[in-house]
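> next input, structure requested:
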Amino acid sequence: MPDTPAIQTTGLGRSYAGRPVLTDLDLRVDAGTVHGLLGPNGAGKTTAVRILATLLAPHTGSARVAGHDVVREPEAVRRHLGLVGQHAALDEVLGGRENLVLFARLSRMSPRRARARADELLERFDLTEAADRPVSTYSGGMRRRLDLAAGLVLDPPVLLLDEPTTGLDPAGRREVWHAVRALVAAGTAVLLTSQYLEEVDQLAGAVTVLDGGRVVAAGTPDALKSSVGLDRLDVVVHDERDLDRAVAVLDALGTGTEADPPTRRVTTTVTDRTAALTGALHGLAGVEVDDLGLRRPTLDEVFFHLTTEGSRR
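Okay, the predicted model is just below:
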């Protein structure tokens, strides 16, 4: 049904040896969207993913994937679900095509259909030219794209990505981001856990932050950034002799003004972005400025503000 969530959990919980590791998780992911699941190590992210993948049974609450209950209908859930974990599940000796054919055959496709599906996925993920090369010769980004392709052999409407770009360089991460965006544009629902907050900011339209197994915040990336605090106005003057004037101007526009003489930078927090920027331009007329800009809080700041990771710093 078109209004059925791709993923929905209600009061989802799980304990190990009597210790709760996931408590009261309420989550909804719709088709054609990316939902980011953030939290420090041990927050419950992987436990939630394993429950949704039917690899663990929940102790409390319920979870449905594509309308199917993970406990009562595990086989139906698996037919509608792709899972890409933190480490590529590929045979390094085989080529890309051979790997995909193997996954398709393990999914009970006929030999002819398995070869056809492998070719479709190789083209979709721009791996056709490397199809017959051993995976051991692939770059990190190519391997993760091939791993994504393997997770989509059955063309599932729901994809779980558990830290899919761990260990990749920036170029490799961007290759994976491009592939994920293409999947979402075609209607796939993605639940993404990641240790790269920039990645979640780039891909996710909604974010749930876990800490100690519980939800501590949820919303759009912009809403979470706004919840942390005010925007920041930064000015870098060319001549350090103008630093006092810059401090006076920004102090009149915001609160908590700070100056860093070695870098000639002055920073303040503001409530009205437009008024602050206009006021800075007028107040600093005649002052040579190397840089002037407004900055919103980052997801990194959100993360450290909301979780125990921040209290350890």
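> in what helix or strand does Glu258 lie?
Glu258 is part of strand 255-260 when elements are defined by DSSP states H and E.
> which residues does the residue lying closest to Asp291 once chain neighbours are set aside form beta bridges with?
Of all residues not flanking Asp291 in the chain, Val236 sits nearest, at 4.0 Å (Cβ to Cβ, 6 or more residues apart in numbering). (C-beta placed from N, C-alpha, C; glycine too.) Here Val236 sits in beta bridges with Arg265, Asp291, going by DSSP bridges.
> wasn't Asp119 part of a helix?
Yes. The assignment for Asp119 is a helix, going by DSSP: H, G, I helix; E, B strand; the rest coil.
> next one: it from Gly151, what distance?
17 Å (Cβ to Cβ, to the nearest Å).
> and the two? Which one has more around it.
Gly151 (22 against 15; other Cβ atoms under 10 Å).
> got a list of what the closest residue to that one other than its chain neighbours touches?
Among residues not flanking Gly151 along the chain, Gly82 sits closest, at 3.8 Å (Cβ to Cβ, 6+ apart). By Cβ atoms under 8 Å, 6 or more residues apart in numbering, Gly82 lies in contact with 151-154, 156, 158-160.
> A strand includes Gly82, no?
Yes. Residue state for Gly82 (three-state DSSP) corresponds to a strand.
> hmm, back to that, residue contacts, the residue nearest to Asp291?
Contacts of Val236 by Cβ under 8 Å, 6+ apart are 263-266, 289-292.
> for the chain, which residues score under the pLDDT cut-off?
1-2, 87-88, 229-230, 308-313 (pLDDT under 70).
> mind listing the helices in it by residue range?
Along the chain, counting by DSSP state H, helices occupy 45-52, 74-79, 96-106, 111-124, 140-151, 170-185, 197-203, 221-228, 243-253, 273-283, 299-306, 308-312.
> ok and the longest one relative to helix 140-151, angle-wise?
On the basis of axes from the mean of the first three to the mean of the last three Cα atoms, to 10 degrees, helix 170-185 is oriented at 30 degrees to helix 140-151.
> can you mark which positions in helix 170-185 are buried?
Residues of helix 170-185 classed as buried by neighbour count (16 or more other Cβ atoms under 10 Å): 172-173, 175-177, 179-180, 183-184.
> looking at these, which one is closest to Thr278?
Closest to Thr278 out of the buried residues of helix 170-185 is Trp177 (35.4 Å), distances taken as Cβ to Cβ.
> so what's the residue count around the closest residue to Ala104 other than its chain neighbours?
Nearest residue to Ala104 in three dimensions, chain neighbours excluded: Ala114, at 3.5 Å (Cβ to Cβ, 6+ apart). Look at Ala114: counted by other Cβ under 10 Å, it has 20 neighbours.
> isn't Ala114 up against Arg105?
Yes. Ala114 lies in contact with Arg105 (Cβ atoms under 8 Å); the separation is 5.0 Å.
> what's the local residue count around the nearest residue to Asp69 once chain neighbours are set aside?
Of all residues not flanking Asp69 in the chain, Ser62 sits nearest, at 6.6 Å (Cβ to Cβ, 6+ apart). By other Cβ under 10 Å, the residues close to Ser62 number 14.
> thinking again about what came up before, of the contacts of Gly82, which is the most crowded?
Result: Leu160 is most packed of the contacts of Gly82 (other Cβ under 10 Å), 26 neighbours.
> do I have it right that that one meets Ala53?
Yes. Counting by Cβ under 8 Å, Leu160 touches Ala53, with 6.0 Å between them.
> pull up the overlap in contacts between these two.
Counting by Cβ under 8 Å, 6+ apart, the residues touching both Leu160 and Ala53 are 81, 83.
> domain-wise, how is this protein divided?
Per automatic domain parsing, the structural domains of the chain span 7-223, 230-296.
> how about the contacts made by the spatially most central residue of the chain?
Residue closest to the average C-alpha location in the chain (Cα atoms, centre = their mean): Val200, at 2.7 Å. Contact analysis of Val200 by Cβ under 8 Å, 6+ apart lists 36, 38, 192, 194, 207, 221, 299.
> relative to Phe304, how far out is the first one?
The one in question is Gly36. Distance from Gly36 to Phe304, by Cβ to Cβ: 16 Å.
> rewinding a little: deepest-packed of the domains of the chain, please.
When those are scored by mean count of other Cβ atoms under 10 Å, the highest mean neighbour count falls to domain 7-223 (a mean of 18).
> gap between the two ends of it?
Using Cα to Cα, to the nearest Å, the end-to-end distance of domain 7-223 comes to 22 Å.
> wait, Arg14 touches Thr46, no?
No. Contact criterion Cβ under 8 Å: Arg14 and Thr46 do not qualify, at 10.8 Å.
> and Met109, its phi and psi?
Torsion angles at Met109 (phi, psi; degrees, to the nearest 10) stand at phi -80, psi 150.
> please disregard the earlier target; I meant Gly67.
Dihedral angles (degrees, to the nearest 10) for Gly67: phi 90, psi 0.
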